[in-house]
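Asks: missing the sequence, but the structure's below:
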């Protein structure tokens, strides 16, 4: 049947938003209201006549409210097929009345976890009766409407429902219970049992925005958000500019992840193009850092994405507005900076608030044909004390500082990655090549090109430190760095030809340190 008149409604919600208004609208249509505990109290306080669930079932709510709706009177009234003679006979025999509308939202499990509650309280916030009613009502959507979202309340205030609406409510309801169970399963696996890669990976995402298209116009795309209180580019506040595209989100995420490595450091600017950094620099001020980052590769920076680790000021905003930029992401921006960007209608300004913790745990997922690859986040970091000097000459303090800076950037460059750095700024970046030698050559060429454009006497690779995201399999990549003018090298080590590479470094007078950790990024 298409149109179903609502004669009896069962209301049991944790989130009371809009429930009084809904109850008033239904009561005005002559609908009998049945309710539980706190919901019934809220409705009565608003002057509504409400029948307790215990009156309906003939059993009191018991066991601290754990048992109240798990009863044949309730589920029979939800599951009975109205045009099935046997079902109707059973209802009459056992005194089961039909329930035409169920309004339920579930115990706040995720919110309880998020505020750091103790285990016992978390367990008590696992809803049992609510999901059972939701699933029963949704299964029998030919006759019963199930509402799990206050945004849908207005659709039933007229006192009847259509089959099209009931089907849509059912789909939404099953998604809600699936997400709820996924949150519980994830908490048990990761927080309670301490698993890193559980036998079943359950997670649920909610669509935050539908995007115009994916990487290319023929691909569809959307932004989905986790249930947890995660903070990142997906939660940033967009102050201006047209809607973000799939590629904008991807590049802005890459920029934010890298600049977050410096969240406790000096003013830092990251410029990203096609998910690779093309310029990264620190400075005494954000403006100085931006100018140094831009100088690394001013050509690639055109149409790029910028992320900073400090609130934006007018001077930096004016400099950034000097070339076409797709997105600027910052923890905050003062009124002067916002006014500068306001004149750039197509530029998107994102305010991120506190930057993500680069050392946070988490999982990374990649779809492959027939399955999903899952790995822990690359949150590995090395300190000065963990570095192993393998050459005859040890690096100077400045070389060591430059080496660690280059190493941090290289972690966020697509493999094979080579990064030259000097004085707190990248000098040349070689990304995504099929062999490490070519990455070293490309990075050196970019440094020469940058020097010519800036009118410098020599490229910044002269006297620089060079980082390699994985070991040098042969000495040729290292010798290319020597030709570029590097004086110090940081790399993971671990090649069967390490001795050959170390000997080449010694012969060239280089200082080289091993990290014992690699940072492939495919």
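Replies: Nice, I can see it. Predicted model only: the values in this text are computed from it and were never measured.
Asks: going forward, measure contacts and count neighbours with C-alpha atoms only.
Replies: Will do.
Asks: what are the contacting residues of stretch 449-465?
Replies: With CA atoms under 8 Å, 6 or more residues apart in numbering as the test, stretch 449-465 has contacts from 295-298, 399-400, 402-403, 406, 420-422, 427-428, 444, 447-448, 484-490.
Asks: now, of those, which are buried?
Replies: The neighbour count (16 or more other CA atoms under 10 Å) marks 295-298, 399-400, 402-403, 406, 420-422, 427-428, 444, 447-448, 484-490 as buried among the contacts of stretch 449-465.
Asks: residue 208 - that's part of a strand, no?
Replies: Yes - counting by DSSP: H, G, I helix; E, B strand; the rest coil, residue 208 falls inside a strand.
Asks: how far away is it from residue 429?
Replies: 34 Å (CA to CA, to the nearest Å).
Asks: neighbour-wise, which of those two wins?
Replies: Taking neighbours as other CA atoms under 10 Å, residue 208 and residue 429 compare with residue 429 leading, 32 against 13.
Asks: narrow the buried ones among the contacts of stretch 449-465 to those in helices?
Replies: Counting by DSSP state H, those place 295, 296, 298, 399, 400, 402, 403, 406, 444, 447, 448, 484 in helices.
Asks: relative to residue 516, which of these is nearest.
Replies: residue 403 (14.4 Å; CA to CA).
Asks: okay, now the unreliable bits of the stretch 401-522 of the chain?
Replies: Under the criterion pLDDT under 70, no range of the stretch 401-522 of the chain is flagged.
Asks: hey, what's residue 376 bridged with?
Replies: Taking DSSP bridges as the rule, residue 376 bridges to residue 363.
Asks: isn't it up against residue 362?
Replies: Yes - counting by CA atoms under 8 Å, residue 376 does reach residue 362; the two are 5.8 Å apart.
Asks: any idea how far the residue nearest to residue 290 when sequence neighbours are not counted is from residue 248?
Replies: Closest residue to residue 290 in three dimensions, ignoring its sequence neighbours and counting by CA to CA, 6 or more residues apart in numbering: residue 269, at 5.5 Å. For residue 269, the distance to residue 248 (CA to CA) stands at 17 Å.
Asks: what does residue 127 give?
Replies: Going from residue 127 to residue 248 by CA to CA gives 39 Å.
Asks: if you count what's nearby, which of those two comes out ahead?
Replies: Each of residue 127 and residue 248 has its neighbours counted (other CA under 10 Å); residue 248 has more, 20 against 17.
Asks: helix, strand, or coil at that one?
Replies: On the basis of three-state DSSP, residue 248 is classed as helix.
Asks: how close does it get to residue 217?
Replies: 14 Å.
Asks: and if you look at residue 384?
Replies: According to CA to CA, residue 384 and residue 217 sit 46 Å apart.
Asks: tell me the contacts of residue 231?
Replies: 355, 356.
Asks: list the buried ones in the host helix or strand of residue 505?
Replies: If you go by DSSP states H and E, residue 505 is part of helix 498-508. Buried positions in helix 498-508, judged by neighbour count with 16+ other CA under 10 Å: 498, 501, 502, 503, 504, 505, 506.
Asks: which residues does the closest residue to the second one other than its chain neighbours contact?
Replies: Looking back up the chat, that one is residue 501. Spatial nearest neighbour of residue 501, excluding adjacent residues (CA to CA, 6+ apart): residue 475 at 4.8 Å. Residues near residue 475 by CA under 8 Å, 6+ apart: 500, 501, 504.
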